[in-house]
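>>> Kindly return the folded structure for what I paste below:
(3 chains)
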Amino acid sequence: MKRYGLGLIFMCLVAVPLTNAAELTVFAAASLMDVLHEIGARWEQASGNKAVFNFASSSTLERQVSAGAPADVFLSADEAKMDQLAKQDLILPGTRETILSNTLVVVVRKKSLLSLTKAADIAQVSSLALAEPETVPAGIYAREYLEKIGFWDALKSKVIPTENVRAALAAVEAGNADAGIVYKTDEETSKDLKIAWEVPASEGPKISYAVAIMRATSQPELARKFLAWLSSPGAKESFRKYGFLLPGGHD
Amino acid sequence: MIRPDEWQVLRLTVVLAALSNLLILAPGLALAWVLARGDWRGKSVVETIVTLPLAMPPVATGLILLKLLGRRGMIGKFLHEIVHFDIAFTWRAVVIAMAVMSFPLLVRTCRTAFAQVDPRLEQIARTLGASDPRVFFTITLPLARRGVVAGSLLAFARALGEFGATIMVAGNIPGRTSTLPLAIYHLVQLGQDAQAYRMMLISILITFAAVWFGEKLVPRGKEAGP
Amino acid sequence: MSLVVKVDAAWPGFRLRIDFAAEHGMTGVFGRSGAGKTSLLDVVAGIRKPLQAFVKLNGYVLTDTAGGIFVPVRRRRIGYVSQNLSLFPHLSVRRNLLYGSSDGEGGEPFSLAHVTKLLEIAPLIEREITHLSGGELQRVALARVLLSRPRLLLLDEPLANLDAGLKAKIIPFLRGIRDEFGIPTLYVSHDPMEMVALCQNVLVIERGEGWQLRTPEEMFEQRTETVYRLRGDL
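Model prediction:
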């Protein structure tokens, strides 16, 4: 028994620092996962600074930040979540920007026989994967679009809600849903899917990604450097490569 | 074989589970003994409260913890404002969630182990002049050794796998609160199945190790009782 | 010594009403199994706490339910050898013996050397409890209580599980203890022969009721079921 107790204590002592202050903690929407990994890696190469990412739906991240989670920077897939944080005075004044936009697409598996030539055809699907349509930006955008074209009521009962947009993508890939509505940038990360229908910019909702430095950050200077890096030509090229739209070139 | 980020998750999970185990050991054993031997007013109330985390949905327990320990909660607010100390969404919340969820398992298993020790032995020890603490440490605990280690291991395994309460009160923040079960869930949510499977394998391996190690610690053949 | 015990207690399915005083040496407690003998010992030791009880030893009140007095078990200095001996199975003979006495140097006649010599268990000291025979265990249990220097000895059927040969061997030890240590003793047994061999007076308990006899021989004159059975009349 003594050995057991000693073993426990040993394990605790192995807890070499669990947190590392020299890193920047970035909370970012799930749809930014691949592009930010690339941009973050380049930043580390160029400056030696490391960004640690926490990817989840913007709604989950907003909730975490509200409750005191230690984020230095927050990248949200819609302005609404950022507004909520602003209302709670959690944003460092003067640091908020709109940095990206995106397009919605309806995706299906490559082998799917579903053919959508016009918006109305969406009503044919028997199951539709969306990020949570009430809270997650991607789901909200999708719902707003479907409401606009008048098919939300018909499709409501066929919706499979997921925790974030990437999970919706995964659901279609796995065959658990016939189709899904995700960002165009998400579809491009997937090998097994194809776009059945792209929502035209003029008809779709206004998608706007916001970024800001959190007031509670202990590293405002490092955070500013990261934000500057996001606007650098190299980063912009990465965003474009992955299919994101940059403000000024769209809308 | 194991990548650095996976290693970090594994280490975080094991260390925090060990910490939570140490935290609940003394109060858990004490409570188990008192429940096994005594008969006192309010005993059934205490028994029920101790069993609650076992019976309630883990996320509900997590929500209660969040309400208490979050920055706006009763305890959390005081700590944040007066001592500039945060609990929710830090590793401390993970340890607390693990401790709360595994506590009932420790108490119940140890209680059974203590109850199986012949009470006569304890009484005779008292006639020989031993105080209650001495009776506990020299008679009860040694004779209930196997059960106590089993209970502790069970609690440890439960802590390793704790999810519902943890995700509520600690979230899933890489490097700080991202434990193995949380990481697996999150990876699946992000569509990163391959990585999720790797984590799942790691999870199976450490659980296996924990149980195997436990069997080694207490050799068979030394049973409790007269 | 003087021991005063008054108990009026009831447990599910059982009653115990005792009122007796013992003055010297070894007092036998005689009765059939289940008559209440062990319960009486438990009350005297403080292990059982009935609603109404009074125990006074050598002028010190140990239990007085009416007056709200209850001395904790560990402070009573009462040596108890229970029926199943209750030796600690995970400790060696030595650690069992010394459990109630930190060093075994209690001064004659309570030293480890003297007691182990008297009970002829000196060669067994370093053994494990689990490796001893019935008779050896009995003597170790007796030695253990002696080493704790008790003010009162409670022996519950100390010879119950032994064959006649072993009994004959241990009775002299008990006599030796009685004579050398002079500790007042309550000796429980259902065997009247042991009573006659060892005790100065006897308390008879029949179905929870007790009464005192002047001499052990009076046991055989009792008009009780127990005695009738003994004499083969039933």
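
>>> burial count for A:Ile195?
Counted with other Cβ atoms under 10 Å in any protein chain shown, the neighbours of A:Ile195 add up to 15. In short, each C-beta sits where N, CA and C put it, glycine included.

>>> avg pLDDT for the helix or strand containing B:Leu31?
In this structure, B:Leu31 is located in helix B:4-37 according to DSSP states H and E. The predicted model gives helix B:4-37 an average pLDDT of 93.

>>> check whether that helix contacts chain A.
Yes: contact of helix B:4-37 with chain A is found when judged by Cβ under 8 Å from any Cβ of the partner chain, involving B:11-12, B:14-15, B:18-19, B:21-22, B:25.

>>> just curious, which of the residues you listed is nearest to chain C?
Each of the residues of helix B:4-37 next to chain A was scored against chain C by Cβ to the nearest Cβ, and B:Leu25 proved nearest at 20.8 Å.

>>> my guess is the closest one contacts B:Leu153, does it?
No: judged on Cβ atoms under 8 Å, B:Leu25 makes no contact with B:Leu153 at a distance of 11.8 Å.

>>> neighbour-wise, which of these two wins?
For B:Leu25 and B:Leu153, the more surrounded residue by other Cβ under 10 Å is B:Leu153, and the numbers stand at 22 against 19.

>>> what sits against the more buried one?
B:Leu153 makes contact with B:210-211, B:214 under the criterion Cβ atoms under 8 Å, 6 or more residues apart in numbering or on different chains.

>>> Break down chain B into its strands, ranges please.
Taking DSSP state E as the criterion, chain B contains no strands.

>>> Spell out which parts of it neighbour chain A.
Applying Cβ under 8 Å from any Cβ, we find that chain B lies next to chain A at B:11-12, B:14-15, B:18-19, B:21-22, B:25, B:66, B:70-72, B:76, B:80, B:86, B:88-91, B:141, B:145, B:148-149, B:152, B:171-176, B:186, B:188-191, B:193, B:213, B:217-218.

>>> How is the chain partitioned into domains?
Since no chain was named, I'll use chain A. For chain A, the structural domains run A:15-101+A:208-242, A:104-198, going by automatic domain parsing.

>>> meant chain C, my bad for not saying
As given by automatic domain parsing, the domain ranges for chain C are C:1-76+C:152-159+C:184-234, C:78-150.

>>> helix/strand/coil for C:Gly210?
Following DSSP: H, G, I helix; E, B strand; the rest coil, C:Gly210 is assigned to strand.

>>> Against chain B, how distant is it?
According to Cβ to the nearest Cβ, to the nearest Å, C:Gly210 stands 22 Å off from chain B.

>>> could you pull out the strands for chain C?
With DSSP E as the criterion, chain C has strands at C:3-11, C:14-22, C:26-30, C:53-57, C:60-64, C:69-70, C:78-81, C:152-156, C:185-189, C:201-206, C:209-213.

>>> Of all these, which one is nearest chain A?
Taking Cβ to the nearest Cβ as the measure, the strands of chain C were each checked against chain A, and strand C:78-81 came out nearest at 28.9 Å.

>>> how far out from the middle of the chain is the closest one?
On the basis of Cα atoms, centre = their mean, to the nearest Å, the separation between the geometric centre of strand C:78-81 and that of its chain is 6 Å.

>>> Please see if it touches chain B.
Yes: contact of strand C:78-81 with chain B is found when judged by Cβ under 8 Å from any Cβ, involving C:78-80.

>>> which one of those sits closest to C:Arg214?
Proximity of the residues of strand C:78-81 next to chain B to C:Arg214 was ranked by Cβ to Cβ; the top entry is C:Ile78 with 25.6 Å.

>>> dump the residue contacts of that closest one.
B:127, C:44-46, C:57, C:150-154.

>>> hang on, isn't C:Ser169 packed against C:Gly135?
Not Ser; residue C:169 is Lys. Yes: using Cβ under 8 Å, C:Lys169 is in contact with C:Gly135, at 6.9 Å.

>>> picking that back up, from the contacts of C:Ile78, list the buried ones, please.
Members of the contacts of C:Ile78 that pass the buried threshold by neighbour count (16 or more other Cβ atoms under 10 Å in any protein chain shown) are listed as B:127, C:44-46, C:57, C:150, C:152-154.

>>> partners of the residue most central in space within chain C in the sheet?
Residue closest to the mean C-alpha point of chain C, counted by Cα atoms, centre = their mean, is C:Leu155 at 1.8 Å. Going by DSSP bridges, C:Leu155 is paired in beta bridges with C:Val81, C:Tyr187.

>>> and the one residue in chain C that gets nearest to chain A, backbone torsions?
Distance from chain A to each residue of chain C (Cβ to the nearest Cβ) is smallest for C:His90, at 12.0 Å. Backbone dihedrals for C:His90, given as degrees, to the nearest 10, come out at phi -90, psi 0.

>>> Could you report the neighbour count for it?
A count of neighbours around C:His90, defined by other Cβ under 10 Å, yields 17.

>>> Tell me the spatial nearest neighbour of it, not counting adjacent residues.
Closest residue to C:His90 in three dimensions, ignoring its sequence neighbours and counting by Cβ to Cβ, 6 or more residues apart in numbering or on different chains: B:Pro142, at 5.1 Å.

>>> Neighbours of the one you found, how many?
The number of residues near B:Pro142, taken as other Cβ under 10 Å, comes to 18.

>>> Not counting sequence-adjacent ones, nearest residue to B:Arg111?
With sequence-adjacent residues excluded and distances taken as Cβ to Cβ, 6+ apart, B:Arg111 is closest to B:Ala32, at 4.2 Å.

>>> Please list all residues in contact with that neighbour.
For B:Ala32, counting by Cβ under 8 Å, 6+ apart, the contacting residues are B:106-108, B:110-111, B:113-114, B:151.

>>> Same check on B:Met101?
If you count contacts by Cβ under 8 Å, 6+ apart, B:Met101 has them with B:53, B:58, B:61, B:158-159, B:162, B:165.

>>> so B:Thr127 sits right up against C:Tyr80, yeah?
Yes: with contact defined as Cβ under 8 Å, B:Thr127 reaches C:Tyr80; the gap is 4.5 Å.

>>> what is in contact with these two at once?
Overlap between the neighbourhoods of B:Thr127 and C:Tyr80 consists of C:45, C:47, taking contacts as Cβ under 8 Å, 6+ apart.

>>> Give me the distance between whatever residue of the stretch 101-250 of chain A ends up closest to chain B and A:Ala69.
Across the stretch 101-250 of chain A, no residue is closer to chain B than A:Ala170, which sits at 3.5 Å (Cβ to the nearest Cβ). As judged by Cβ to Cβ, to the nearest Å, A:Ala170 and A:Ala69 stand 25 Å apart.
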